[in-house]
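J.: Provided below for reference: sequence and predicted model.
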Amino acid sequence: MPFATAPDGTALHYEVHGTDGPPLLLLSGQSNSHRWWDAVRADFAARFTTVVMDYRGTGASDRPDTDSYSTPGFAADALAVLDHAGIGRAHVYGTSMGGRVAQWLAAGHPERVGRLVLGCTSPGAPHGVERGPEVRRALAQPDAEAARRVLLDLMYTPAYTAAHPGPFPTLGDPSMPPHARRRHLRASAAHDAWEALPRIAAPTLVVHGTDDRFNPTANAPLLAGRIPGARLRLIPGARHAYFEEFASSATPLVADFLRDGEVAATASAHA
């Protein structure tokens, strides 16, 4: 079980699996460990060397109760993981809060990011579109089971949950202590990468479900319009966990975009 060490000494658990293909860093959503990717990781591992990590506060990583949780801080943690794994440059696919982390990684360290995919994510509250007050109230209700049902409905369509009884790792890491869960929430809520987005040089694909109310779909064109040359693809009928429920279309879409970069690089090298 490999562990990297963050700049502040926090131990960060990560895993590397897959072929001898190009490295692909997969970044999970808020309050989630690497298990977020369980349903689709094998499909990516067939074409890429996949790297997944447990954010601080989740999984097997350390869980400090300090002011060290932020989306730029998570990006620094991701760099520490890549360094420890001996990976100089990787494609990056971040979904939900992982997409926020990926924005900082690509904007601040362009030499480390090949191609970038931002899924079901946002530039941050000051310029992004926040979820509606009715959604926030429903998620904050004191009845934990009722709040879980609301979150499940925001993640997946009723048809999908009726056919798939779970478990659903995207609903959060149950092992997280309360302090880490609170700090993850604050870190994601404080995200604001608006001024940094035009600095992203990596070829970028923005993906979002058309029926996402958890992180409203209107954020997708905002991101695509702010990042030079970014492409935008919407998944019809998909909610927040589009990458899992609609994997049959979303995974090939992302994988083909990432592999286009490898084909282009090979053609250039032999030109």
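T.: On my side now, so go ahead.
J.: Ala6 and Phe74, how far apart?
T.: 10 Å (CB to CB, to the nearest Å). Where C-beta positions appear, they are placed from N, C-alpha and C, glycine not excepted.
J.: give me the more crowded residue out of those two.
T.: The neighbour comparison of Ala6 against Phe74 (other CB atoms under 10 Å) goes to Phe74, with 32 against 21.
J.: on the three-state scheme, Val206 is what?
T.: What DSSP: H, G, I helix; E, B strand; the rest coil gives for Val206 is strand.
J.: what residues are bridge-paired with it?
T.: As for beta bridges, Val206 partners with Leu118, Leu232 under DSSP bridges.
J.: same check, this time on Leu27
T.: Gly94.
J.: where along the stretch 1-150 of the chain do the strands fall?
T.: Counting by DSSP state E, counting those that start in this stretch, the stretch 1-150 of the chain has these strands, from start to end: 3-5, 11-18, 23-27, 49-53, 90-95, 113-119.
J.: and the contacts of the fifth one?
T.: Applying CB atoms under 8 Å, 6 or more residues apart in numbering, the contact partners of strand 90-95 are 22-29, 36, 44, 48, 51, 82, 100-103, 105-106, 112-121, 202, 243, 254, 258, 261.
J.: now those: which count as buried?
T.: Those of the contacts of strand 90-95 that meet the buried threshold are 22-29, 36, 44, 48, 51, 82, 100-103, 105-106, 112-121, 202, 243, 254, 258, 261, by 16 or more other CB atoms under 10 Å.
J.: ok, and the closest non-adjacent residue to Pro236?
T.: Leaving aside its sequence neighbours, Pro236 sits nearest to Thr210 (CB to CB, 6 or more residues apart in numbering; 5.3 Å).
J.: okay, that neighbour and Val150: tell me how far apart.
T.: Using CB to CB, Thr210 is found at 20 Å from Val150.
J.: for Thr58, same thing?
T.: Thr58 is 22 Å from Val150, where distance means CB to CB.
J.: more neighbours: those two, which one.
T.: Higher neighbour count among Thr58 and Val150: Thr58, with 26 against 18, using other CB under 10 Å.
J.: pLDDT value on that one, please?
T.: Note for Thr58: predicted pLDDT of 98.
J.: quick one: contacts for it?
T.: Thr58 sits next to Ser31, Asn32, Ser33, Asp173, Ser175, Met176, Ala180, His184 when contact means CB under 8 Å, 6+ apart.
J.: cutoff 7 Å now
T.: Ser31, Asn32, Ser33, Asp173, Met176, Ala180 (CB atoms under 7 Å, 6 or more residues apart in numbering).
J.: Val207 now?
T.: Val117, Gly119, Arg233, Ile235, Ala250, Leu253, Val254.
J.: now with 6 Å, please.
T.: Val207 is in contact with Gly119, Arg233, counting by CB atoms under 6 Å, 6 or more residues apart in numbering.
J.: Throw the strands of the stretch 1-150 of the chain into JSON lines and include mean pLDDT and distance to Thr161, thanks.
T.: As requested, the strands of the stretch 1-150 of the chain are exported to JSON lines (pLDDT from 0 to 100; distance: least, CB to CB, whole Å):
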{"stretch": "strand 3-5", "mean pLDDT": "98", "distance to Thr161": "35"}
{"stretch": "strand 11-18", "mean pLDDT": "96", "distance to Thr161": "27"}
{"stretch": "strand 23-27", "mean pLDDT": "98", "distance to Thr161": "23"}
{"stretch": "strand 49-53", "mean pLDDT": "98", "distance to Thr161": "24"}
{"stretch": "strand 90-95", "mean pLDDT": "98", "distance to Thr161": "19"}
{"stretch": "strand 113-119", "mean pLDDT": "98", "distance to Thr161": "20"}
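J.: any chance of these in CSV with distance to Glu195 as columns?
T.: What follows is the strands of the stretch 1-150 of the chain, written out as CSV (distance: least, CB to CB, whole Å):
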stretch, distance to Glu195
strand 3-5, 29
strand 11-18, 27
strand 23-27, 21
strand 49-53, 26
strand 90-95, 19
strand 113-119, 16
